[in-house]
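[1] The sequence and its predicted three-dimensional model are supplied below.
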2 protein chains.
Amino acid sequence: MVREDVIPAITKVSGESEFIDRIRRQVAGSHAREVVLGIGDDCAVYRPRGAAEDLLFTTDMMIEDVHFRRDTHAASDVGWKALARGLSDIAAMGGVPRFFLVSLAVPRWAVPRWVDGFYQGALRLSRRERVPLIGGDVARSSKLACDVVVCGSAPRGTALRRDGARPGDAIYVSGRLGGSAVGLSLGKSRRRGPAWRRHTRPEPRLALGRFLRRLGATAAMDLSDGLSLDLRRLCLASKRCAAIGAPPRFPGATIEQALHGGEDYELLFTVPPATRVPSHFEGIPLTRIGVMRKGRPGTVLLNGAPLAPLGFDHLRA
Amino acid sequence: MVREDVIPAITKVSGESEFIDRIRRQVAGSHAREVVLGIGDDCAVYRPRGAAEDLLFTTDMMIEDVHFRRDTHAASDVGWKALARGLSDIAAMGGVPRFFLVSLAVPRWAVPRWVDGFYQGALRLSRRERVPLIGGDVARSSKLACDVVVCGSAPRGTALRRDGARPGDAIYVSGRLGGSAVGLSLGKSRRRGPAWRRHTRPEPRLALGRFLRRLGATAAMDLSDGLSLDLRRLCLASKRCAAIGAPPRFPGATIEQALHGGEDYELLFTVPPATRVPSHFEGIPLTRIGVMRKGRPGTVLLNGAPLAPLGFDHLRA
């Protein structure tokens, strides 16, 4: 346990990462042999006895007035995105999604029309990616909240992690960043077009993730909370620092939106210096933005100057 | 999709069961070969390629002012119970718990003291049952809500289900029923003792569940929403009806509390007529309460008269 007197400072200053670290310290040492990777990456990794594949598990909440608003986000978009966020975590580890479960807490206003729309959105993506809904839970609540658990698989020992980047590795991102932030900033009358679609119907990069696993990427994660914060997390996990230039920007995005805007669900990955990475994968640009270095773990330099981790933190005050 | 014009009636009359049936109809036919059992039982069952064991998955929410109250329920009790409810689902299928994940939506008032207590409660049970916490999610919210996913395992094809009861099978319950209802009804000054403990710190019947699997029980489920409703669900799944007498009562419980009170987390199970069931298992009484019959699926007769399913339904109006 962390002492009470230091907790307020931790909670205010560092938010989600410290929160997760505290839980991780409490469970340290309690893992069974089958748990290959526990708290702190995009997915946990479990190795069933006798199985040829490792199983990947990720869980993501979406909460009314935190992740979406009833009056601006269509129910089907919320359902799609709830599943897409979990699939993006599976993509980040190079996995194949196998099934998912949905827990749904429902206020009176949402039954039945909104709930139907929610499942329609989730099941459309589910069918396209061939990942069946196999269970869940339902309860009443005052605000709508859902929690989606996705299970994926990867050949034993091959799942991409955050902690494998080495000094000299090249740093890449897929796609163009800041689109979701642009979409979120649009006024009510302009909520359509590519940026709004990027915000409401993100595309998990599943095929790209599997390609990167076969290519021999040393580390990967999905960009859910903004490049500045997510790259810092990758650097902390790998105990390295990173030096980057400006990332490719989504049309209309500012450099701040591309650096700090969350929910792009593109992939951030590192490869050994000699690895040849194609310029595109299935139409998605893959752009070299920098290089991993020795140095103070977690530091990110943008054009030589320290970059503050201003991405989205759920617990920051 | 169900037609819009019939939805209000369904939602009002039948609540949770119909809600789940509707979702099940939407996903029908989309299952992969590895999905042995989908929506509608205590757990979903997944068979990893090449593995000797099936994996069981269950997910359960606990929401402030729905499942617990901040001023009456200690944080550590909420954490314990959040995990215990999932473990009880694993017990109901005769499984061994393997790991769990926690998603936690946290209001400002809860950080950090309440959250620490919550994890302490969950991790105490986690250590006792050797089921490690391997991941989760965290977000802000206005009310505290958690969703716990538990994965268990059972030898291939042996997990106990709700749908295997046959006419002539004897119906049993473990323990004595209504204790949690008694605990919940206690006034503020009397919130201690066995009934309050039953309500706040339920004991998942994991060893009993595995014993019943080896004994050859034909069906099993845990009593989470009250005997009257849960036995109806078992009958519906097995397409049979049930004739029972009064179940054993927790000290101080009324017959209504024993029949309809939820959250006892005892096991309800059926065995072939010739199976010898011991009177106790590890100190827990096992009581024959009736017999399965042919007849209108879902009907439950108590001393010959139809018993209304008055247990707890999360979505009933």
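    Structure's in. What do you need?
[2] Near chain B, which residues of the stretch 101-250 of chain A are found?
    Where the stretch 101-250 of chain A comes near chain B, counting by Cβ under 8 Å from any Cβ of the partner chain, the residues are A:101, A:103, A:105-106, A:111-113, A:115-116, A:119, A:123, A:126-127, A:130, A:132-143, A:145, A:147, A:149, A:151, A:153. Just so you know, the C-beta spots here come from the backbone N, C-alpha and C atoms, and that holds for glycine as well.
[3] Need the per-residue pLDDT for A:Gln26.
    pLDDT, A:Gln26: 76.
[4] tell me which element it is part of?
    helix A:16-27 (DSSP states H and E).
[5] same for the next helix or strand after that helix, what does it pack against?
    Sequence-wise, the next helix or strand downstream of helix A:16-27 (DSSP H and E) is strand A:35-37. When contacts are defined as 3 or more Cβ pairs under 8 Å, 6 or more residues apart in numbering or on different chains; DSSP states H and E, strand A:35-37 sits against strand A:44-46.
[6] The strand it packs on near chain B anywhere?
    Yes: contact of strand A:44-46 with chain B (Cβ under 8 Å from any Cβ) involves A:Ala44, A:Tyr46.
[7] What are the contacting residues of that strand?
    A:34-38, A:54-58, A:93, A:159, B:98-99, B:101, B:134-135, B:151 (Cβ atoms under 8 Å, 6 or more residues apart in numbering or on different chains).
[8] Which ones among these map onto strands?
    Here DSSP state E is the test, and the contacts of strand A:44-46 give A:35-37, A:54-58, B:98-99, B:101, B:134-135, B:151 as lying in strands.
[9] Could I get the buried residue list for stretch A:203-214?
    Buried residues in stretch A:203-214, counting neighbours by 16 or more other Cβ atoms under 10 Å in any protein chain shown, are found at A:Glu203, A:Pro204, A:Arg205, A:Leu206, A:Leu208, A:Gly209, A:Arg210, A:Phe211, A:Leu212, A:Arg213.
[10] any low-confidence regions in the stretch 51-200 of chain A?
    For the stretch 51-200 of chain A, no stretch is flagged by pLDDT under 70.
[11] Inside strands: which ones of the residues of the stretch 101-250 of chain A next to chain B?
    Those of these lying in strands (DSSP E): A:101, A:103, A:105-106, A:133-140, A:145, A:147, A:149, A:151, A:153.
[12] From those residues, list just the buried residues.
    Looks like those have A:101, A:103, A:105-106, A:133-140, A:145, A:147, A:149, A:151, A:153 buried, using 16+ other Cβ under 10 Å.
[13] A:Arg22 - how many residues pack around it?
    Around A:Arg22 there are 18 other residues, counting by other Cβ atoms under 10 Å in any protein chain shown.
[14] Please apply the same query to A:Asp163.
    15.
[15] I figured it hits A:Ala219, correct?
    Yes: the pair A:Asp163 / A:Ala219 is scored as a contact, 6.7 Å apart, by Cβ atoms under 8 Å.
[16] which residues do the two both contact?
    With Cβ under 8 Å, 6+ apart, A:Asp163 and A:Ala219 have common neighbours A:Ala237, A:Ser238.
[17] need the helices for chain A, in chain order.
    With helices called from DSSP state H, chain A shows them at A:7-13, A:16-27, A:75-92, A:113-128, A:179-185, A:193-200, A:206-215, A:227-238, A:255-260.
[18] Which one of the ones you listed lies nearest to B:Gly79?
    Closest to B:Gly79 of these, according to Cβ to Cβ: helix A:16-27, at 11.3 Å.
[19] quick one: buried residues of that closest one?
    A:Glu16, A:Ser17, A:Glu18, A:Phe19, A:Ile20, A:Asp21, A:Arg22, A:Ile23, A:Gln26, A:Val27.
[20] So which other helices or strands are in contact with it?
    helix A:7-13, helix B:113-128, strand B:133-140.
[21] same thing but at 10 Å, please
    Judged by 3 or more Cβ pairs under 10 Å, 6 or more residues apart in numbering or on different chains; DSSP states H and E, helix A:16-27 is in contact with helix A:7-13, helix A:227-238, strand B:96-106, helix B:113-128, strand B:133-140.
[22] How is chain A divided into domains?
    In terms of domains, chain A is parsed into A:31-155, A:170-306 (source: automatic domain parsing).
[23] winner for burial among those domains?
    Ranked by mean neighbour count, the domains of chain A are led by domain A:31-155 with a mean of 22 (mean count of other Cβ atoms under 10 Å in any protein chain shown).
[24] Any chance of the domains of chain A in TSV with distance to B:Ile63 as columns?
    TSV is the format used below for those (distance: least, Cβ to Cβ, whole Å):
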stretch	distance to B:Ile63
domain A:31-155	5
domain A:170-306	24
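[25] Figure out which of these is closest to B:Val277.
    domain A:31-155 (29.3 Å).
[26] Start and end of stretch A:102-112, how far apart?
    16 Å (Cα to Cα, to the nearest Å).
[27] Any idea how far that stretch is from the middle of the chain?
    Using Cα atoms, centre = their mean, to the nearest Å, the distance from the centre of stretch A:102-112 to the centre of the chain it belongs to is 25 Å.
[28] Same check on stretch A:102-122?
    Relative to its chain's centre, stretch A:102-122 lies at 23 Å (Cα atoms, centre = their mean).
[29] Likewise for stretch A:142-151?
    Using Cα atoms, centre = their mean, the offset of stretch A:142-151 from its chain centre is 16 Å.
[30] Put the alpha carbons of that stretch into PDB.
    What follows is stretch A:142-151, C-alpha atoms only, in PDB (Å, rounded to 0.1, in the frame of the first residue of the first chain):
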ATOM      1  CA  SER A 142     -28.700   6.500 -13.700                       C
ATOM      2  CA  LYS A 143     -26.100   7.000 -16.600                       C
ATOM      3  CA  LEU A 144     -25.500   4.700 -19.400                       C
ATOM      4  CA  ALA A 145     -22.300   2.800 -19.100                       C
ATOM      5  CA  CYS A 146     -20.900  -0.200 -21.000                       C
ATOM      6  CA  ASP A 147     -17.800  -2.300 -20.500                       C
ATOM      7  CA  VAL A 148     -16.600  -4.400 -23.400                       C
ATOM      8  CA  VAL A 149     -14.200  -7.400 -23.000                       C
ATOM      9  CA  VAL A 150     -12.500  -8.700 -26.100                       C
ATOM     10  CA  CYS A 151     -10.500 -11.900 -26.200                       C
END
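[31] Distance of A:Arg296 relative to B:Arg33?
    According to Cβ to Cβ, to the nearest Å, A:Arg296 stands 49 Å off from B:Arg33.
[32] go on, A:Leu259?
    Look at A:Leu259 and B:Arg33: by Cβ to Cβ, they are 44 Å apart.
[33] and what of A:Val78?
    For A:Val78, the distance to B:Arg33 - Cβ to Cβ - is 30 Å.
[34] does A:Gly226 really touch A:Leu259, like I thought?
    Yes: between A:Gly226 and A:Leu259 there is a contact under Cβ atoms under 10 Å: 6.9 Å.
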